[in-house]
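*Asks:* sharing a model that was predicted from the sequence below.
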Amino acid sequence: MYIRKTTKKIGDKTYTNYLLVESMMTPKGPRQKTVFSLGNLKPRPESEWMRLADQLKDALTGQKRLDGFDREVQQIVSSQQETSDKHRKSPKTVEQAEQELVSVYPDKIEIERCRQAGPVHVGHEFWKRLGLDLILEESGFSNKTQLLTEVMTMNRLIAPSSEHAMPDWVQRTALEDILETELESLNDEALYRNMNELYPARAKIEKALVEREKSLFNLTEAIYLYDLTSSYFEGQAPANPQAKRGYSRDSRPDCKQVVIGLVVGREGFPKAHEIFDGNRADQTTVGEMLDVLQGRVGKLSEGTVVIDRGMASAKNIGQIKERGMHYIIAGRHSERSDWLEEMESDLAADLPAVALAKVEASAQAGGRSLTSAAKGWQEVIRQPSPTNPFQKKARVYVKWCADEDETVVLCKSEGRREKDRAIRDKQEKRLVEDLQKLRGRIEKGRLKNQKAIEQTIGRLRERYPRVARYYEIGYDAQEGRLCWEEKAEKKAMAGKLDGSYILKTDRKDLSADEIWRVYSLLTRAEKAFRDMKSPLAERPIFHHLKHRVQTHIFLCVLAYHLLVAIENTLLGKSIHSSWATVREALETHQVITVVLPTASGDILKVRRGSKAEEKHLELYRALEISSEIIKPTKTWVRP
């Protein structure tokens, strides 16, 4: 489109009018069509006429602009739409266009502006399916904020990068075509400002999203799986009071970090998240996390919280029960020795009559019958996880026991027994080797100070805590000799307990295998952290300001909502593919512009998606998404 000047003389007076004109091809050759009259533009500097024409073109074709539209442009478009529909002009789709015969030079046909589209197309469709635009709108955000939030979330989902690098990534994708907006002027400052706007509304957005997913995927609210992880910073982050050194799950104790708490449901969908100080102890976060969870999902009574042994303190159990909830936790390793006799019992042995009566009474109260297998050790086969069908099956034996007000489930795992034994043997070998080296240093006179020797022994105990407890290590100052002795009885007991662990719960309506299966769901929280750290690249954290760090993690959580929605949709169609696999498969589906030089001298440009391959179509069908990424459009260009 361009602006053309026309004049008309009536009497002695000359009237000037400016027209918005579009060049188009007709069977008789190229012609110019007037879109509508702009009146006299002389009050406006001539240098601004082209900007006016560009804005009018975008407004008429339904394009959005990051910088918005001038009020004058909005008034012109509104006036023309009200006056007559015939003055409206939108780019023709290939299907809507008249069947025109155009002669082209086949040797001069070119392809330009090839953009990756498949992963962005899937991400955008699930963004709409989860109703995130409506959620953001109801949270009071403008169209621009909604747009930028989607762009930033798509980047996390597809090709995680910094805000500085994000505009370049956008230009390598078909986001402009899919979102029907101009993103060429996007810069990192706009993205940083958008993070500032999102920060106060994180809880409100997460709550609305949880409600939306509950109805969309028919999710249950009975099981809440809670776990923690840590993410480290690049740099010292002096302006962030939460950035502290603590126990690093990333094996980066040299870096400051924050601790992230996440609650997911039975199906793996996130329910709530919170960011804690980097040196926060796991067991101190439970009460605060339950308050956050209640703010997201509402009433928590009758739900069951599943947590690992690191948070299984009496105080935390009390906080769970105060809210009317149940718990399933893993007992500490030291508690296993209290059940050694039961652990060593024959796998076919039944429970004592008194305990068995309690089991049967609880089963009847829960409205179910107790099978004979539930009276003693039961064999449970852990099947491969839904997202990893190649995982090996695991054989586990479980046994129901009663302990006052709690139900205790004893568990024995064949695979875990071999693992525990291998770890202990490896650490024991290293401990003995280090003790022999220390003895050699003492005998050669390289280490004489008794305090220094005792400190070295202490460090070895810290380095090998799993096996140091089975050795009596001491230093005889008079003889100047280091000695150690194996605690055979204690070590033998550890061997008997290899591969065993215990689970505890206050629920009386579940059998041993049901309790074990519910606890095993905790791996879904662990999977969420793996996905956030690997395909979504949540760490390392390069932001230093507290509100930017928390918003960065929030965007990763939003991207994970999309990821788990995509994977669960595929699982419903018996496709066990991870998002990373789907993303890689769809990268070859692109949006392109076909350039057709015609015999008339004009150039026809057709913007459309490439033809979907069979592997693309299979995924689109499973995800219930159209394979047509955009509506094809054609534009005539005069050289």
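*Replies:* Sure thing, it's come through. Every value quoted in this text rests on a predicted model; they were computed, and no experiment measured them.

*Asks:* quick check on Y232: phi, psi?
*Replies:* phi -100, psi 160 (degrees, to the nearest 10).

*Asks:* so it versus E344, what's the distance?
*Replies:* Computed as CB to CB, to the nearest Å, the Y232 to E344 distance reads 43 Å. In short, each C-beta sits where N, CA and C put it, glycine included.

*Asks:* neighbour-wise, which of the two wins?
*Replies:* Y232 (22 against 10; other CB atoms under 10 Å).

*Asks:* nearest spatial neighbour of that one, skipping sequence neighbours?
*Replies:* With sequence-adjacent residues excluded and distances taken as CB to CB, 6 or more residues apart in numbering, Y232 is closest to C255, at 3.9 Å.

*Asks:* now do the SS call for that neighbour.
*Replies:* Of the three states, C255 takes coil under DSSP: H, G, I helix; E, B strand; the rest coil.

*Asks:* how near is it to P535?
*Replies:* Distance, C255 to P535, by CB to CB: 22 Å.

*Asks:* can you check K451 too?
*Replies:* For K451 relative to P535 (CB to CB), the value is 50 Å.

*Asks:* tell me the contacts of H124?
*Replies:* E150, M154, I178, L179 (CB atoms under 8 Å, 6 or more residues apart in numbering).

*Asks:* now with 7 Å?
*Replies:* I178 (CB atoms under 7 Å, 6 or more residues apart in numbering).

*Asks:* can I assume it sits in a helix?
*Replies:* Yes. The assignment for H124 by three-state DSSP puts it in a helix.

*Asks:* centroid-nearest residue for this structure?
*Replies:* Nearest to the geometric centre of the chain sits Y560, at 2.1 Å (CA atoms, centre = their mean).

*Asks:* how long is stretch 500-511 end to end?
*Replies:* 18 Å (CA to CA, to the nearest Å).

*Asks:* residues of it that come out buried?
*Replies:* Residues of stretch 500-511 classed as buried by neighbour count (16 or more other CB atoms under 10 Å): S500, Y501, I502, L503, K504, T505, D506, R507, K508, L510, S511.

*Asks:* repeat that for stretch 530-544.
*Replies:* Under 16+ other CB under 10 Å, the buried positions of stretch 530-544 are D531, M532, K533, P535, L536, E538, R539, I541, H543, H544.

*Asks:* centre of the chain to that stretch, how far?
*Replies:* On the basis of CA atoms, centre = their mean, to the nearest Å, stretch 530-544 is displaced by 10 Å from the centre of the chain it belongs to.

*Asks:* before we move on, what about stretch 401-411?
*Replies:* 36 Å.

*Asks:* what's the following helix or strand after the helix ranked longest in the chain?
*Replies:* Longest helix in the chain by number of residues, with DSSP state H as the criterion: helix 414-443. Going down the chain from helix 414-443, the next helix or strand is helix 450-463, by DSSP states H and E.

*Asks:* give me the residues contacting that next one.
*Replies:* L431, D434, L435, L438, I442, L447, A468, I473, Y475, A477.

*Asks:* mind giving me the packing neighbours of the next helix or strand after that helix?
*Replies:* Next along the chain after helix 450-463, taking DSSP H and E as the criterion, comes helix 465-468. The elements that helix 465-468 packs onto, with contact taken as 3 or more CB pairs under 7 Å, 6 or more residues apart in numbering; DSSP states H and E, are helix 414-443.

*Asks:* and of the contacts of helix 450-463, the nearest to K128?
*Replies:* Distance to K128 across these (CB to CB) is lowest for A468, with 57.0 Å.

*Asks:* and for the closest residue to that closest one other than its chain neighbours, the neighbour number?
*Replies:* Excluding its sequence neighbours, the residue lying closest to A468 (CB to CB, 6+ apart) is R461, at 4.3 Å. Number of residues near R461 (other CB under 10 Å) recorded here: 14.

*Asks:* measure R461 to A488 for me?
*Replies:* 19 Å.

*Asks:* what's the following helix or strand after the helix or strand of the chain with the lowest mean pLDDT?
*Replies:* None of the helices or strands of the chain scores lower by mean pLDDT, DSSP states H and E than helix 353-365, at a mean of 49. On the C-terminal side of helix 353-365, the closest following helix or strand by DSSP H and E is strand 377-382.

*Asks:* each with direction, which strands does that following strand pair with?
*Replies:* Counting by DSSP bridges, the strands paired with strand 377-382 are strand 394-403 (antiparallel).

*Asks:* distance of the residue nearest to A468 from S251?
*Replies:* Applying CB to CB to R461 and S251 gives a distance of 21 Å.

*Asks:* roughly how far apart are V591 and H543?
*Replies:* Where H543 is concerned, V591 sits at a distance of 32 Å (CB to CB).

*Asks:* sorry, back to before: how about the contacts of helix 450-463 in a markdown table, adding pLDDT, neighbour count and distance to K271?
*Replies:* Output for these, formatted as a markdown table (pLDDT from 0 to 100; neighbours: other CB atoms under 10 Å; distance: CB to CB, whole Å):
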| residue | pLDDT | neighbour count | distance to K271 |
| --- | --- | --- | --- |
| L431 | 93 | 21 | 43 |
| D434 | 93 | 15 | 45 |
| L435 | 93 | 20 | 48 |
| L438 | 93 | 19 | 50 |
| I442 | 90 | 17 | 56 |
| L447 | 89 | 16 | 55 |
| A468 | 91 | 19 | 40 |
| I473 | 92 | 17 | 47 |
| Y475 | 90 | 18 | 53 |
| A477 | 85 | 10 | 58 |
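
*Asks:* please identify which pair of these lies farthest apart.
*Replies:* Spatial extent of the contacts of helix 450-463 (CB to CB) is set by the pair L431 and A477 at 22.1 Å.

*Asks:* I329 reaches V305, doesn't it?
*Replies:* No. Counting by CB atoms under 7 Å, I329 does not reach V305; the two are 8.4 Å apart.

*Asks:* phi, psi of the residue nearest to D405 when sequence neighbours are not counted?
*Replies:* In space, and not counting its chain neighbours, D405 is closest to D506: 6.6 Å by CB to CB, 6+ apart. Phi and psi for D506, reported as degrees, to the nearest 10, are phi -100, psi 0.

*Asks:* T16 too?
*Replies:* Backbone torsions of T16, given as degrees, to the nearest 10, read phi -110, psi 130.

*Asks:* re earlier: tell me the predicted confidence for the residue nearest to A468.
*Replies:* pLDDT recorded at R461 is 92.

*Asks:* how near is it to E454?
*Replies:* According to CB to CB, R461 stands 11 Å off from E454.

*Asks:* equivalent analysis for I109, please.
*Replies:* Counting by CB to CB, the gap from I109 to E454 is 82 Å.
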